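# from the sequence below, what's the structure:
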Amino acid sequence: MKYRVTTSLILAVLGLGFTIAATSASTLTVTSNGDSGPGTLRDAIAAAAATDTIDFDMTSVVSPITLTSGELLINKALTISGPGASQLAISGNSASRVFHVFDGNYSSWTPVQISGLIIKNGMADTGAGEFTDVGGAILNREALTLTECIVQDSFAGGIMGGGIYNTGQLTVNRCTFVDNTVPGFGGGIANDGGILEVNDTTLAGNIAVTWGGGIANIYATATVNRSTFDGNSSGAGGAILSSGTITLNNSTFSQNSGGGSSAIHNYPFGHTMTINNCTIVGDSSGVGVVNDVDGSTLNLRTLFQNSHVTTRPRLVGAAGDKKNAAWATVSPIFTGAVRAPPFAPCF
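Residues are numbered from 1 along each chain as shown. Alright, predicted model coming up:
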């Protein structure tokens, strides 16, 4: 492991000496794939100072790094720079969560970056106390940026977040979430009162028994850009369940299953869902979007194939909302001005 370097500049002014110590961020290198001890990832996280970077010597580290003594707590501003998801996995060994990002300070969010790793086989299902059974792979309570990672095969036994449970600020760039499971909400990601941005990401094969197979956005704000939701499933909202404010841009939804709302379900509490230039195709029930909100707004500018929209508040000015066997542009604005029978297709 590389050690911190401190530079001191000694100046003399008018015959009086004083010292200015300037400390720059250091890089600590992981050289062992053990769970703990010198050269391990756990040791590097503990030894790092705020704003340091951790990288990996792949001539010494053999994938996977398997955790045997519990989750890795990141409690400071830190960058973990992996060699690429094809080269290194961090496994919770189906016994513990992999990363818990929290510095103990509730007044602000500390920036943390994790990139270039597979984060897999996480398990959050044991122990008493707060947050013990949410976020199978990652529990984020700070400002986490996750880049070019794969989050897979993780499980949360509680109500939210098979892959990630977020109450802070989470930015996901060019990642893949696959085969994560939760009995409650958010098989891939549960955003619970936080801020979520997902860019150029694939969510596939994630399961939430209750709601939101890919993403559950609960009393929260989320934006999804240029992403793919494929084969996710849940009781409602196979791809996405939102009871907050969410914007979906330039994304594709295919082969998702979710009871009465195969792809996207906008649930009560009067928030707004905006869907721009998306593609919804081949979802199991044929209902691509359910708008289940009195007094909310659903702005819809998208394409449907073998799918359609169902809304409890009847849509206004929506001539193009019918189920289509071929591509068609659908451009209604749902205002919830007039009620329709529950889940009645607005043909």
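
# was I right to think Gln113 contacts Ile74?
No - the pair Gln113 and Ile74 fails to qualify as a contact (Cβ atoms under 8 Å) at a distance of 10.2 Å. Quick note: C-beta positions are derived from backbone N, CA and C, even for glycine.

# hey, where'd the helices end up in this protein?
Assigned by DSSP state H, the chain shows helices spanning 41-47.

# ends of stretch 28-45, how far apart?
9 Å (Cα to Cα, to the nearest Å).

# just stretch 137-146 next, same as before
End-to-end for stretch 137-146, by Cα to Cα: 12 Å.

# where does pLDDT dip in the chain?
1-23, 127-128, 260-262, 268-270, 282-288, 291-347 (pLDDT under 70).

# follow-up on the earlier one: who's more crowded, Gln113 and Ile74?
Between Gln113 and Ile74, Ile74 has the larger neighbour count (other Cβ atoms under 10 Å), namely 23 against 16.

# so what's the closest residue to the more buried one other than its chain neighbours bridging to?
Leaving aside its chain neighbours, Ile74 sits nearest to Val101 (4.8 Å; criterion: Cβ to Cβ, 6 or more residues apart in numbering). In this entry, Val101 is beta-bridged to Ile74, Asn140, by DSSP bridges.

# contacts only, for Val101.
Residues near Val101 by Cβ atoms under 8 Å, 6 or more residues apart in numbering: Ile74, Val112, Ile138, Leu139, Asn140, Arg141, Glu142, Leu144, Gly168.

# Ile240 too?
For Ile240, the contacting residues are Gly212, Gly214, Ile215, Ala216, Asn217, Val224, Phe229, Ile246, Leu248, Ala263, Ile264, His265, taking Cβ under 8 Å, 6+ apart as the criterion.

# most neighbours, which of those residues?
With neighbours set by other Cβ under 10 Å, the maximum within the contacts of Ile240 is found at Gly214, which has 39 neighbours.

# and it, how close does it get to Val224?
When Cβ to Cβ, to the nearest Å is the yardstick, Gly214 and Val224 sit 9 Å from each other.

# identify the residues contacting the residue nearest in space to the middle of the chain.
In the chain, the centroid-proximal residue (Cα atoms, centre = their mean) is Ile189; its distance is 4.2 Å. With contacts defined as Cβ under 8 Å, 6+ apart, Ile189 is in contact with 161, 163-164, 166, 170, 172, 177, 196, 198, 203, 214-216.

# and it, bridged to which residues?
Residues found in beta-bridge contact with Ile189 (criterion: DSSP bridges) are Ile164, Ile215.

# correct me, but Ser81 touches Leu117?
No - judged on Cβ under 8 Å, Ser81 makes no contact with Leu117 at a distance of 9.1 Å.
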